[in-house]
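[1] can you look at this prediction? I've put the sequence above it.
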Amino acid sequence: MFQETIREAGLNPYLFEFANIRDQNSWVHQHNPEAATRKAKDLVRMAVAKASLLEPIEPLQIEVNPNALVIGGGVAGMSAALNLADQGFKTFLVEREGQLGGHALHIKETWNSENVGSFLEEYKNQVQAHKNIEVLIGSEITDISGFVGNFTTFVKTGDMEREIQHGAVILATGGKAFEPDEYLYGQSERVSKWHEIDDLFEKEPEKLAQTQGVAFIQCVGSREPDRPYCSKVCCTASVKSAILLKEKKPDLRVYILYRDLRTFGLREALYQKARSLGVIFIRYTVDEKPIVQKNGDHGLLITVMDHILQRPIQIPIDYLNLATAIIPTEGQKQIARMLKVPLNDNGFYLEAHIKLRPVDFSTDGVFVCGLAHYPKPIEESIAQAQAAAGRAAGLLVQKTIDIEPIVSMVDEEKCIGCGLCESSCSFGAIRLKKVEGKGFRAENYSALCKGCGVCAAACPQRAIDMKHFREQQIRAAIHAGGTA
């Protein structure tokens, strides 16, 4: 607020130092007025001492490339690309697999019976026919460099590699189902995961006609030490499949073995419908997981502790379906390293702020949506993709953008090229470059710098200083204080 007032008066806003004796003093020490007065005097002296050494800092402005890059051709990626393209921005959509669609290719219906296949086909046609979208199928990102408004990405398609210039990046790299090594998965053809059981009975309806019992096991590979999170959509998917099976064959025995059933919101109606159709729900604990064994040549036998009877029961079934955890894709870590964006403990992309900046990263110009951020249903992925596209459009519509000029400065004469600053910077804002006759020296990329000062603290030669927080300014403030 104060800096804006100074700027409107035609003065350099960085020739200003604020002594906050209200928030940092009078409110904190309201019960000790004498000490608060002494501290107030110190704060004013410190502000004056620093202000006497302040220097004008010129604003930094960079041009913005109006093109966008969307990495990932699933529902979220296509939605973001269409949104940007409809606003007139040239958008490059890069998909590693041989077709668009991502995880949604395996889903036939949403929880409220909307046809995913027809929706997906329409989406794909719109994307491929749009004049502002260039789709790169079967392609991989080999390198990304640059900063907000000016990124350079190299994309490899087969044996060909091309360079793309763009101003913003949307990460929609998706997720995938975890491959378990328990419950006989991979050992018996009667054990499947996620939508594989629906595909089986659709392709071979005679097998459903011969089937007497089917079971679903929830939380396979999730809500455990390696993956402590809930994948959010698994319970709904299993209950939905159970209902479809019971509607096709009412006398079919269907069991859902769960730890905590989470058909949230309006999806609770699915749970109620499944119960009314006769689907049997059995709760188990992580300490007493179900045991699955082969039952002769043509079936399976599940042994599980019934939490009501407090005794183990055995359930003979013909087929078992596992709701496994949704995990990040393999390339997520590589993309994160290229763009200097963080991952959470589970390997998903971590947003800048869960409430204030839910689709942004701390690295400006990069946005996230879909399963790459966290497991979520299709409608939430689309909503988040629209939000990410909106944030990207807000950047791309500008010809130039102003960036914070409080950044680090490198004294090339003092620098010895040790690289500690480069390794300590979380934003990739300082890197070593080769200087003729001097070897390697550090160089600051102002558009990436957040002014945190970590590089200055790490430098053993004191070759790095921070604008507006120069060492001599900080020392002057420290020496001016002393009684607080």
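    All right, it came through fine.
[2] skipping adjacent residues, who's closest to Glu413 in space?
    Nearest residue to Glu413, sequence neighbours excluded (C-beta to C-beta, 6 or more residues apart in numbering): Ala463, at 7.9 Å. All C-beta atoms are positioned from the backbone trio N, CA, C, and that covers glycine.
[3] surely Phe89 touches Leu69?
    No - here Phe89 lies out of contact with Leu69, judged by C-beta atoms under 8 Å, at a distance of 10.7 Å.
[4] more crowded one of the two?
    Per other C-beta atoms under 10 Å, whichever of Phe89 and Leu69 has more neighbours is Leu69, with 27 against 22.
[5] could I get the contacting residues of that one?
    91-92, 94, 151, 153, 164, 166, 168-170 (C-beta atoms under 8 Å, 6 or more residues apart in numbering).
[6] report the beta-bridge partners for the residue nearest to Ala447 when sequence neighbours are not counted.
    Once flanking residues are discounted, Ala447 sits nearest to Phe147: 3.7 Å by C-beta to C-beta, 6+ apart. Taking DSSP bridges as the rule, Phe147 bridges to Asn150.
[7] next: Ala168.
    Ala68.
[8] and Met466, how many neighbours?
    A total of 20 residues lie near Met466 under the criterion other C-beta under 10 Å.
[9] hmm, I typed the wrong one, I wanted Asp181.
    By other C-beta under 10 Å, the residues close to Asp181 number 9.
[10] numbering from 741 from now on, please.
    In the new count, where the first residue is 741, that last one comes out as Asp921.
[11] now do it against Ser978, distance only.
    Separation of Asp921 from Ser978 (C-beta to C-beta, to the nearest Å) stands at 20 Å.
[12] just the buried positions in stretch 1134-1143, please.
    Using 16 or more other C-beta atoms under 10 Å as the test for burial, stretch 1134-1143 gives 1135-1136, 1141, 1143.
[13] centre of the chain to it, how far?
    For stretch 1134-1143, the separation from the chain centroid amounts to 23 Å (computed by C-alpha atoms, centre = their mean, to the nearest Å).
[14] got it, and stretch 936-944?
    With C-alpha atoms, centre = their mean, you get 32 Å for stretch 936-944.
[15] identify the residues contacting that stretch?
    Counting by C-beta under 8 Å, 6+ apart, 846, 848, 932, 947-948, 954, 981, 984-985, 988, 1059, 1061 sit against stretch 936-944.
[16] which of those residues lies closest to Thr1003?
    Ser981 (12.7 Å; C-beta to C-beta).
[17] element containing that closest one, please.
    Using DSSP states H and E, Ser981 sits within helix 974-988.
[18] just put the buried residues of stretch 1134-1143 in TSV and tack on secondary structure, pLDDT and distance to Ile1020.
    TSV is the format used below for the buried residues of stretch 1134-1143 (DSSP: H, G, I helix; E, B strand; the rest coil; pLDDT from 0 to 100; distance: C-beta to C-beta, whole Å):
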residue	secondary structure	pLDDT	distance to Ile1020
Leu1135	helix	95	53
Leu1136	helix	96	53
Ile1141	strand	87	59
Ile1143	strand	80	60
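[19] and these as TSV, adding distance to Ala1014?
    As requested, those are arranged in TSV below (distance: C-beta to C-beta, whole Å):
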residue	distance to Ala1014
Leu1135	46
Leu1136	46
Ile1141	52
Ile1143	54
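[20] identify, from the residues you listed, the entry nearest to Lys1207.
    Checking the buried residues of stretch 1134-1143 against Lys1207 by C-beta to C-beta gives Ile1143 as the nearest, at 12.4 Å.
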